[in-house]
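In: no FASTA, just this:
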């Protein structure tokens, strides 16, 4: 039966916008993607992080980097 699927269940969890708790993962995985494909994924998220002062973009290299202020902000998060 092509196209028929059973029900999907997803456990509730709080969501943050942008997902600051995943900042380091997004930067690391984005850099790997950039090295392979020549562009950065999740540009909207990166721009959101930049507006919050968490990351900066190096126009010379095309890289995104965590700013010093990001360490203090993300260390206050619960968990």
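Out: Ah, there it is. Not measured: the values here are computed from a predicted model.

In: Show me what counts as buried in stretch 19-27.
Out: Neighbour counts over stretch 19-27 (16 or more other Cβ atoms under 10 Å) mark 20, 23, 26-27 as buried. To be clear about C-beta, it is placed using only N, CA and C from the backbone, and glycine gets the same treatment.

In: okay, and for this structure, where does confidence drop off?
Out: Applying pLDDT under 70 to the chain flags residues 1-3, 69-79.

In: can you do 80?
Out: 1-5, 69-79 (pLDDT under 80).

In: That one: strands as residue ranges?
Out: Ranges of strands in the chain, per DSSP state E, are 55-58, 63-66.

In: What strands flank the last one, and is each parallel or antiparallel?
Out: Right, strand 63-66. strand 55-58 (antiparallel) (DSSP bridges).

In: Contact partners for the residue lying closest to residue 65 once chain neighbours are set aside?
Out: Spatial nearest neighbour of residue 65, chain neighbours left out: residue 56 (5.7 Å); criterion: Cβ to Cβ, 6 or more residues apart in numbering. Going by Cβ atoms under 8 Å, 6 or more residues apart in numbering, residue 56 touches 50, 64-65, 67.
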